[in-house]
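structure for this input, please:
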Amino acid sequence: MYSFSVILIAFMHNFCPAVGKTVSGLFRSDTARENNGQYITRFLYHGENGLMAYRLENVPLAVQKEARLLLFHGMEGFDNLSCLERVSAARLTITLSSEEHNETIPRQVSPQVWHVIYTDRYTCQEEETDVVIENVGFQLTMLNPDSAGNPLDHFSAEEAGLHSFYFMMILAYFVASCIYVQPLWQALNKGGPMHTVLKVLSTALLLQGLSVLFNYIHMARYARDGVGTPLMGSIAELCDMVAQVQMLYMLLSLCMGWTLSRSRKSQIKPLQWDSSPASTALALGGVVTQGALLIWEQFEDTEHHSYHAHRSLAGLLLMALRVAIALLLASVLYQIISAERSTLKRDFYLSFAKGCFLWFLCHPVLVFLSVIFNEHQKEKIITIGVILCQSISVVVLYRLFLSRSLYWEVSSLSSVTLPLTMSRGPRSRY
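Coordinates of the predicted model:
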């Protein structure tokens, strides 16, 4: 509960609207001068008939300041350019001289990112000025062509298709819940050695489902106005973060608790989750580290998507942590499987290992593989791939712990071992 509170506080502190395709704000001459241009937003256009429309609140002031928008394809080497070089390097210049204006974007052979920067007569001015410069309010709308070629699609090329994917996932969750909620509820009410594991898995699956639902609500609204419901996007990321932390703690506790305690357990008692200081410290250490990196990443990247491209230091460290955890679990499970003679029990541990590796390695592997794809495909591949892989991982673990043909047979073979139990009390029988 404490970890959840820390994540929630940090997340709400970091909350800000997403970089939407309908952007409102102020054109600030002082900011443009300090940074050789005020960065507004980015958008990935595709096809032809892409549109950028603006609306100004104080047209005479914008005309007096010679306000304009500069559009660039790429930002490589942009920081090394002087102010005048930046202005001359713009692929498209839009003069802000009317209250409303629609600008058609040149045809794109392939999807390309366009960056929008504001400048005016004061941006490249070298001498100091004591004049108080007022700001100009604006609203900027960026649209891609829809299937009919009309500029009505608020989604950037990198987001196209995610709305439909979230809808299909909600449908899949609904159908699965209708089929399995009653047997799962009965299993949870029975108690038993795997009661805590099933509760954690159910909570993680519920959080994943809520994350998909909130993302769908955000994107459904976004499809209409280009802004969406940023709070829903934030809550979706929060649900995913809590699910990640919860699963990490459970899997580390199961593996490390079993390994650290097996040499001390009596051979006539079943193995149970050992809450010794060593195993608890290892599990909590992994949870705190991952939680801190997740929060750090949110501060560095405020766009609302749960699976970032990991270009930041926090993202790279988070991927390295997941790989390290996977290697640690591989080492632990290899020792367990090597020492186990029963084929049935070895199958149990192998299935558990598959579920663990799929959960921890899917994100780093997908990020690594995404480098071979185009820019507009990376986010979709990572997002869809991670959601599917981690959902499959939870299903694998569910089948393992609920399987009457495997787990219950394994646990009844003898009273010597009961693999991966988290029960603190005497062993329960079903």
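
measure Leu61 to Pro183 for me?
Distance, Leu61 to Pro183, by Cβ to Cβ, to the nearest Å: 67 Å. In short, each C-beta sits where N, CA and C put it, glycine included.

which one of those two is surrounded by more residues?
Leu61 (19 against 10; other Cβ atoms under 10 Å).

and the helix or strand harbouring that one, what's buried?
For Leu61, the host element (DSSP states H and E) is helix 59-64. Burial within helix 59-64, assessed by neighbour count using 16 or more other Cβ atoms under 10 Å, is assigned to Val59, Leu61, Ala62.

ok, now which ones touch the last one?
In this structure, Ala62 makes contact with Phe27, Leu56, Leu96, Ser97, Val136, judged by Cβ atoms under 8 Å, 6 or more residues apart in numbering.

chain neighbours aside, what residue packs nearest to it?
Taking Cβ to Cβ, 6 or more residues apart in numbering, and ignoring the residues beside it in sequence, Ala62 has Leu96 as its nearest neighbour in space, at 4.5 Å.

was I right about that neighbour contacting Leu69?
Yes: in this structure, Leu96 sits in contact with Leu69. The criterion is Cβ atoms under 8 Å, and the distance is 6.7 Å.

overlap in contacts of these two?
Taking Cβ under 8 Å, 6+ apart as the contact criterion, the common neighbours of Leu96 and Leu69 are Tyr54.

next SSE after the helix or strand of the chain with the lowest mean pLDDT?
In the chain, no helix or strand scores lower on mean pLDDT, DSSP states H and E than helix 2-13, which sits at a mean of 41. Next helix or strand after helix 2-13 toward the C-terminus (DSSP H and E): strand 22-27.

can you give me the buried ones in the following helix or strand past that following strand?
Sequence-wise, the next helix or strand beyond strand 22-27 is helix 29-34, with elements assigned using DSSP H and E. Taking 16+ other Cβ under 10 Å as the neighbour-count basis, helix 29-34 is seen to contain the buried residues Ser29, Ala32, Arg33.

and stretch 63-75, by the same measure?
So for stretch 63-75, counting by 16+ other Cβ under 10 Å, buried means Lys65, Ala67, Arg68, Leu69, Leu70, Leu71, Phe72.

let's have the buried residues of helix 29-34 in JSON lines, adding distance to Leu294 and pLDDT.
JSON lines is the format used below for the buried residues of helix 29-34 (distance: Cβ to Cβ, whole Å; pLDDT from 0 to 100):
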{"residue": "Ser29", "distance to Leu294": "37", "pLDDT": "90"}
{"residue": "Ala32", "distance to Leu294": "34", "pLDDT": "89"}
{"residue": "Arg33", "distance to Leu294": "36", "pLDDT": "88"}
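
want to throw the residues you listed into a markdown table with distance to Leu198?
A markdown table is the format used below for those (distance: Cβ to Cβ, whole Å):
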| residue | distance to Leu198 |
| --- | --- |
| Ser29 | 60 |
| Ala32 | 57 |
| Arg33 | 60 |
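
now, which of those sits nearest Phe155?
Distance ranking of these against Phe155, using Cβ to Cβ, places Ala32 first at 28.6 Å.

that closest one and Tyr122 touch, don't they?
Yes: with contacts defined as Cβ under 8 Å, Ala32 counts as touching Tyr122 at a distance of 7.2 Å.

how about Gln112, phi and psi?
phi -140, psi 150 (degrees, to the nearest 10).

Thr196: how many residues sit nearby?
18.

what is the nearest of the buried residues of helix 29-34 to Asp153?
Distance ranking of the buried residues of helix 29-34 against Asp153, using Cβ to Cβ, places Ala32 first at 29.7 Å.

which ones are touching the closest one?
By Cβ under 8 Å, 6+ apart, the neighbours of Ala32 are Gln38, Tyr118, Thr119, Asp120, Tyr122, Thr123.

in the stretch 151-300 of the chain, which spans are strands?
With strands called from DSSP state E, counting those that start in this stretch, the stretch 151-300 of the chain shows them at 151-153.

I'd say Thr141 and Phe43 touch.
No: between Thr141 and Phe43 there is no contact, the gap being 10.0 Å when judged by Cβ under 8 Å.

quick check: neighbours shared by the two?
Among the neighbours of Thr141, those also in contact with Phe43 (Cβ under 8 Å, 6+ apart) are Lys21, Met52.

which of those two has more neighbours?
Phe43 (26 against 20).
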